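**Student:** Below is the sequence, then the predicted model.
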Amino acid sequence: MSQGIFLNRQALYLRPDPARVIVRPFKPATEPRDLNPTDKTRANHIVDRVLALDTEAVASQLADVLENFLGRHRNLLERFEARANEMEEAFAAHGSFSKIQRQLIGAYFLNEYSFEASALFNPSIVPHPDQSDAPKGGLRFILSLRAIGEGHVSSLTFRAGTFAADGSVIVDPTARLASSPQIGHRASGPDGDHVELVFKPEEELSERVIFPVTESQSNGIEDARFVEFSDGGRKTYYATYTAYSGRAIRSELIETSDFMSFRLSPLRGAAARNKGMALFPRKIDGRYAMIARQDNENLYLIYSDDLYTWEGGQAVLKPEFPWEFVQIGNCGSPIELDEGWLLLTHGVGPVRKYSIGAALLDKNDPSKVLARSREPLLRPEPSEREGYVPNVVYTCGAMRHNDQVILPYAVSDTFSNFATIRISALMQAMKR
């Protein structure tokens, strides 16, 4: 199966940019707690030093910080004050503070974090909820990407773009600034924290960065697989992702309707303990359905009545061809075609080389495999083999528009590119 028959690579490279930064809480390292209970913490020492400055020195220092950093962030004074509000424990041993003292103290407990300094990869793509300015015969889309910064911490970032009628892909310019959301609501449950995150209307889509906010996510929000889900005419965007605490992984769910407010919830059940879950874009026989990898080798079809609890499962795809002998996994949510469900897969072959393939599942019974790609649709080209993790092409989700599939994909866990696939030619090339 020749890639050239149905697949066209674009020359559109999205690379990590270390200049994109957010401000994050900074906590000074503490000494072992063998001190007298009346001894102050390092945070208190910092507060003491600020309070020892006279009013003019405090104002001068705050002005210097603003001059140095103000053009790099929105509402920096507001962020300083918000951080000071979080530091009330460090203020308990002190008297009252002036407003500028609180702002300067807040600045000492923040640091800049270059969230995509190392990698910008594993993209997924969905139609934009606002198609009012889409070109004739084309559509607007939203791209999600996994970003990695210092300490190999993963976060979620976004881009908007246009797919034109002639098959070309354009990604909108990236905003100069980057912003973290406010936590609108947090509720703890037996399965973990449920969190609502809200961005401000003036923050552009490409500004918005979802950074880990719960203990289960503390080392990363990894590989979000977004899908536009339709239920009775109502459209919601869901994404399954891997939450990594530094010790354990589990699957969690993002829900949004506008990409401005997001709800993050843990998933329950034995089938949610692993990574690589991808939600079908609609219910099947009245139930939610997922493709998942429960044993690090095969792909399973699983169902749920409530979207959040996933048990059991039936193996539907196993390694069959040499390029996938090590393992297979899904590359995003199934795409509905007239012929069936198009499922993009990844296969791992010799020397841990990752390639992207496809399978066609029956539309009414996705446990039935109608066709598979005998050879990969996409494999690392010579120019795509070098990076943080060599010999890898990977995606977290593609999208159909008319007779083509738009496939964003990552290169060697470092940067991202696009390809387009002609559906009719792909159907003819797959093994039935």
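**Tutor:** That came in fine, so what should we check first?
**Student:** what ranges do the helices span in the stretch 251-400 of the chain?
**Tutor:** Remark: helices of the stretch 251-400 of the chain are absent; assignment by DSSP state H, counting those that start in this stretch.
**Student:** so where's it uncertain?
**Tutor:** Within the stretch 251-400 of the chain, no range satisfies pLDDT under 70.
**Student:** what's the answer for the stretch 51-200 of the chain, then?
**Tutor:** Ranges of the stretch 51-200 of the chain meeting pLDDT under 70: 90.
**Student:** report the longest helix in this protein, please.
**Tutor:** The single longest helix within the chain, with elements called by DSSP state H, is helix 55-69.
**Student:** Next, the residues that contact it from outside, please.
**Tutor:** 50, 53, 76-77, 98, 100-101, 103-104, 107, 112 (CB atoms under 8 Å, 6 or more residues apart in numbering). For every residue, glycine as well, the C-beta is placed using N, CA and C.
**Student:** ditto for stretch 271-279
**Tutor:** 222-223, 225, 227, 229, 238, 240, 242, 249-251, 266-267, 288-294, 296, 300, 302, 310-313, 329-330, 332-334, 397.
**Student:** From Phe418, how far off is Ala11?
**Tutor:** 9 Å (CB to CB, to the nearest Å).
**Student:** More neighbours: those two, which one.
**Tutor:** Just comparing Ala11 and Phe418: by other CB atoms under 10 Å the higher neighbour count belongs to Phe418, 25 against 7.
**Student:** How many residues are close by the closest residue to Glu86 other than its chain neighbours?
**Tutor:** Distances taken as CB to CB, 6 or more residues apart in numbering place Pro25 nearest to Glu86, at 7.0 Å, with adjacent residues excluded. A count of nearby residues for Pro25, using other CB under 10 Å, gives 13.
**Student:** Repeat that for Lys318.
**Tutor:** Neighbour number of Lys318 under other CB under 10 Å is 12.
**Student:** residues contacting it?
**Tutor:** 297-299, 328.
**Student:** likewise Asn402?
**Tutor:** Gly137.
**Student:** gap between it and Thr395?
**Tutor:** From Asn402 to Thr395 the distance is 20 Å (CB to CB).
**Student:** just Val213 next, same as before
**Tutor:** 26 Å.
**Student:** the more surrounded of these two?
**Tutor:** Using other CB under 10 Å, the more surrounded residue of Val213 and Thr395 is Thr395, with 26 against 17.
**Student:** I figured the more buried one hits Ser355, correct?
**Tutor:** No - the pair Thr395 / Ser355 is not scored as a contact, 11.3 Å apart, by CB atoms under 8 Å.
**Student:** Which neighbours do these two have in common?
**Tutor:** With CB under 8 Å, 6+ apart, Thr395 and Ser355 have common neighbours His346.
**Student:** List the buried residues of whichever strand or helix holds Asn85.
**Tutor:** Following DSSP states H and E, one finds Asn85 within helix 76-86. Neighbour-count burial for helix 76-86, counted by 16 or more other CB atoms under 10 Å, picks out 76-77, 79-81, 83-84.
**Student:** So what touches it?
**Tutor:** Outside helix 76-86, the residues touching it (CB under 8 Å, 6+ apart) are 23, 25, 66, 69-70, 73, 99, 102-107, 109-110.
**Student:** Closest one to Lys200 out of these, please.
**Tutor:** His73 (12.8 Å; CB to CB).
**Student:** just to revisit the earlier point, farthest pair within the contacts of helix 76-86?
**Tutor:** Top of the distance list for the contacts of helix 76-86 (CB to CB): Pro25 and Lys99, 20.3 Å.
**Student:** My understanding was that His128 contacts Leu139; is that so?
**Tutor:** Yes - His128 is within contact range of Leu139, at 7.4 Å (criterion: CB under 8 Å).
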